[in-house]
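[1] model this:
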Amino acid sequence: MCQGVQPLFVVVNLEENCSRGLALDVWPQGPWQVLRVQEGKVLEYNNAASERKVVKPQDFIVSVNDFHVVEDYQRAYEAYMQQTRLKLEIVRPKHYTIKVAKSGLAWGFIFVYQPKRSNCIRITRIEPGAIEDFSRQVGEDQQVEVGDFIESANGVRGGTAIVQELNRSEEVDLVMFRVDDRELPNFKL
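    Below is the predicted model of the structure:
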């Protein structure tokens with residue numbers, strides 16, 4: 001579990017025709033994931049912010065100008081694209097690393113990702129298999145849960161590349177991340 005997760009609020013003032021400076025992966029029925037911070041107003045914000053308040057890849061935007069990105073997607077999107085002042089509510093995931101061997105089993109999870117866009121995959125269901133067996137044998141902070149993301153498998157990154165690595169491997173080192181939505185009511189996957 002992620003203990004004491006606190007959202008980060010970022011306020012960015014935009015001039016006409018300026019870049020926001022974020023490359024995003026907008027998950028279906030989920031928060032907007034920051035893929036990259038690039039040239040633009042968020043990078044300017046980052047350059048002036050303390051390390052704790054810097055917007056980073058893998059952070060999630062859960063609301064824009066108080067519009068929840070899932071529950072009020074259209075107004076959140078319009079605010080992001082059209083407003084000159086953006087208040088972004090951001091949550092930072094907790095990372096953890098695990099090593100799992102298939103041992104003749106299937107991996108035992110169903111996942112989603114957006115080819116050509118996602119830099120990770122999101123677990124949507126856990127079934128009988130190696131992941132379920134692994135999770136039974138480890139502490140709560142290492143258990144794989146529905147909604148967790150796989151950031152890399154054996155050092156391989158990117159949605160499609162992770163899937164390929166899982167398909168060819170019998171054992172994987174996985175870098176995972178999650179946000180505990182029980183502690184952040186605005187965070188929904």
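[2] so what does the lowest-mean-pLDDT helix or strand in the chain touch, helix or strand wise?
    Confidence across the helices and strands of the chain bottoms out at strand 8-13, with a mean of 86, counting by mean pLDDT, DSSP states H and E. The helices and strands touching strand 8-13, judged by 3 or more Cβ pairs under 8 Å, 6 or more residues apart in numbering; DSSP states H and E, are helix 41-48, strand 85-91. (C-beta placed from N, C-alpha, C; glycine too.)
[3] mind putting the ones you listed into a markdown table with mean neighbour count and mean pLDDT?
    Listed next are the helices and strands packed on strand 8-13 as a markdown table, based on neighbours: other Cβ atoms under 10 Å; pLDDT from 0 to 100:
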| stretch | mean neighbour count | mean pLDDT |
| --- | --- | --- |
| helix 41-48 | 16 | 94 |
| strand 85-91 | 19 | 92 |
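[4] nearest residue to Ser152 other than its sequence neighbours?
    Val175 (4.5 Å; Cβ to Cβ, 6 or more residues apart in numbering).
[5] so the one you found makes contact with Asn154?
    No: at 9.7 Å, Val175 and Asn154 do not qualify as touching, with contact defined as Cβ atoms under 8 Å.
[6] so the two - more neighbours on which side?
    More neighbours sit around Val175 than around the other of Val175 and Asn154, counting by other Cβ atoms under 10 Å; the figures are 18 against 15.
[7] helix, strand, or coil at the more buried one?
    At Val175, secondary structure determined by DSSP: H, G, I helix; E, B strand; the rest coil is strand.
[8] bridging residues for it?
    Assessed by DSSP bridges, Val175 has beta-bridge partners Thr97, Ser152.
[9] quick one: what helix or strand has Ile61 in it?
    Secondary structure assignment for Ile61, by DSSP states H and E: strand 60-64.
[10] what is the subsequent helix or strand relative to the host helix or strand of Leu24?
    Mapping Leu24 onto the secondary structure by DSSP H and E places it in strand 22-26. Counting by DSSP H and E, the element after strand 22-26 in chain order, helix or strand, is strand 32-37.
[11] buried residues in that next one?
    Neighbour-count burial for strand 32-37, with 16 or more other Cβ atoms under 10 Å as criterion, is recorded at Trp32, Gln33, Val34, Leu35, Val37.
[12] what does stretch 163-173 give?
    By 16+ other Cβ under 10 Å, the buried positions in stretch 163-173 come out as Val163, Glu165, Leu166, Ser169, Val172.
[13] so which helix or strand takes in the third one?
    Leu166 is part of helix 159-168, with elements assigned from DSSP H and E.
[14] quick one: contacts of that helix?
    Applying Cβ atoms under 8 Å, 6 or more residues apart in numbering, the contact partners of helix 159-168 are 107, 111, 113-121, 150, 152-154, 156, 172.
[15] what separates that helix from the chain centre, distance-wise?
    Between the centre of helix 159-168 and the centre of its chain there are 18 Å (Cα atoms, centre = their mean, to the nearest Å).
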